[in-house]
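A.B. asks: need coordinates for the following:
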Amino acid sequence: MIRLASNSSTRAMLLREAGIEFVQESYDFNEDEIIAKTPKEFVYLATLGKYETNLRAFGCEDLALLVADTVVTAQGKILRKAKDEVEARDILLSQSGSLTSIITCMIYQSKAKKIIDISQTTYSFREFDRQDLEDYLKSGEWVGKAGACMVEGFCKNYIEEVRGFESTAMGLNIEVLKAFYEKLNPL
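C.D. replies: Numbering: from 1, shown residues only. Sure thing, here's the model as predicted:
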């Protein structure tokens with residue numbers, strides 16, 4: 001069993017669908033003060049901060065600890081969680097008709113093993129329909145999403161090409177985690 005140190009319902013869904021048992025509880029880490037030059041550096045530092053905070057709080061003796069963070073990048077910019085609808089619109093317009101990469105870092109720590117993975121999925125998006133974009137913004141589904149991006153939702157209809165795993169874009173590279181988890185916990 002794993003302790004998922006994340007409030008993400010999407011990460012929880014990915015674990016459930018993979019058949020990995022978990023409990024979900026976490027302590028927050030303030031990533032607003034992270035200074036990074038690249039999206040990969042940012043996502044690694046954010047994940048490391050979450051890992052250190054939750055390792056101090058829970059340890060990994062009883063349950064393996066799993067933390068993750070995701071960042072979106074388009075046009076050379078790190079696109080974080082939008083604070084309001086205006087910022088979400090600007091962030092999404094920077095992804096419209098362009099390449100958008102979603103980078104997820106995860107750290108898994110058990111008594112015996114520590115795994116760190118940074119994975120990237122890149123999407124080529126068609127131009128977003130303006131009314132569809134406004135409807136998505138009004139729905140509020142973008143709230144709490146890195147880059148306001150939902151490849152399993154709003155953005156799905158605009159995907160022209162994908163390089164990488166959809167699970168990475170959803171916040172947890174379940175393919176990598178499941179392969180390691182099954183080796184560490186054989187039936």
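
A.B. asks: okay, CA-based contacts and neighbour counts for the rest of this
C.D. replies: Will do.

A.B. asks: what residues of the helix ranked longest in the chain count as buried?
C.D. replies: The helix that spans the most residues within the chain, counting by DSSP state H, is helix 39-58. Buried positions in helix 39-58, judged by neighbour count with 16 or more other Cα atoms under 10 Å: 39-40, 42-51, 53-55, 58.

A.B. asks: identify the residues contacting that helix?
C.D. replies: 5, 26-29, 31, 34-36, 65-73, 77-78, 103-107, 118 (Cα atoms under 8 Å, 6 or more residues apart in numbering).

A.B. asks: go with 7 Å
C.D. replies: Around helix 39-58, the neighbours that count as contacts under Cα atoms under 7 Å, 6 or more residues apart in numbering are 5, 26-27, 29, 31, 34, 36, 67-71, 73, 78, 103-107.

A.B. asks: cool, stretch 149-156 as well?
C.D. replies: Identification of contacts with stretch 149-156 by Cα under 7 Å, 6+ apart yields Tyr136, Trp142, Ala169.

A.B. asks: do the same with stretch 3-10
C.D. replies: With Cα under 7 Å, 6+ apart as the contact definition, stretch 3-10 has outside contacts at Phe22, Val23, Gln24, Glu25, Ser26, Asn54, Leu63, Ala64, Leu65, Leu66, Val67, Met170.

A.B. asks: quick one: buried residues of that stretch?
C.D. replies: Using 16+ other Cα under 10 Å as the test for burial, stretch 3-10 gives Arg3, Leu4, Ala5, Ser6, Ser8.

A.B. asks: stretch 33-40 now?
C.D. replies: Pro39, Lys40.

A.B. asks: the lowest-mean-pLDDT helix or strand in the chain - contacts with which helices or strands?
C.D. replies: Across the helices and strands of the chain, mean pLDDT, DSSP states H and E gives its lowest value to helix 174-184, namely a mean of 86. Applying 3 or more Cα pairs under 7 Å, 6 or more residues apart in numbering; DSSP states H and E, we find helix 174-184 packed against no helix or strand.

A.B. asks: returning to that earlier point: can you check the contacts of stretch 149-156 and name whichever has the most neighbours?
C.D. replies: Neighbour counts for the contacts of stretch 149-156 (other Cα atoms under 10 Å) peak at Ala169, which has 26 neighbours.

A.B. asks: okay, strands next: where are they in the protein?
C.D. replies: In the chain, the segments counted as strands under DSSP state E are 2-4, 22-24, 64-74, 77-79, 99-109, 114-125, 159-163.
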